[in-house]
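> Here's my sequence, what's the structure:
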Amino acid sequence: MPNPTWDRAYWNKYGSEDQESIKRLFCSEVVKHWKNRTVPTKFDYDESWESGFDNQAALGEKVMYQYIRAALMGLVLAEMSGGKSHVIGIGEKGKLTEYGVKAKPLSEKELFSKHERKTKKARLRRRLQRQ
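Residues are numbered from 1 along each chain as shown. Next comes the predicted model:
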């Protein structure tokens, strides 16, 4: 990993899963992108590249970022905000995960009820400020 924060984000996301299968998946993704001369993006398509990667390890960092992006952003934001900020990641098959200092699976019901509580508090706060 490029730095300790990336390492923590990786373990937040994949800590309890089978590490060997994750390594195989990651290596196959790097090889695929190397052969196709592409870089994954946060969108549902890959971008091509002509130069810039001397070896698969350099490309691997870009590939890894796409896999841990939500966990990494959640960890960084949580650290900057004293644990108050989180990032919601949407995984395969629509699985929702809240990333902060730790990862927490979420149901749609939990996500919307949490948002609704925050919205109600914000409305009440604004109403009290106007008075």
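
> longest helix in this protein, by residue count?
Longest helix in the chain by number of residues (criterion: DSSP state H): helix 56-80.

> Quick check: next helix or strand after that one?
Beyond helix 56-80 on the C-terminal side, the first helix or strand identified by DSSP states H and E is strand 87-90.

> Send me that following strand as CSV with only the CA atoms.
The C-alpha coordinates for strand 87-90 follow below in CSV (Å, rounded to 0.1, in the frame of the first residue of the first chain):
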residue,chain,number,x,y,z
VAL,A,87,-19.3,8.0,3.3
ILE,A,88,-21.9,5.6,2.0
GLY,A,89,-20.5,3.0,-0.5
ILE,A,90,-22.8,1.1,-2.9
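
> Note down every partner strand of that strand and its orientation.
Partner strands and pairing direction for strand 87-90 (DSSP bridges) are strand 96-99 (antiparallel).

> Give the next helix or strand downstream of the strand it pairs with.
strand 103-106.

> After that next one, which helix or strand is next?
Once the chain leaves strand 103-106, the next helix or strand it forms, by DSSP H and E, is helix 108-130.

> Now tell me what touches that following helix from outside.
Residues outside helix 108-130 that contact it (CB atoms under 8 Å, 6 or more residues apart in numbering): 88, 96, 98. For glycine as for every other residue, the C-beta is placed from the backbone atoms N, C-alpha and C.
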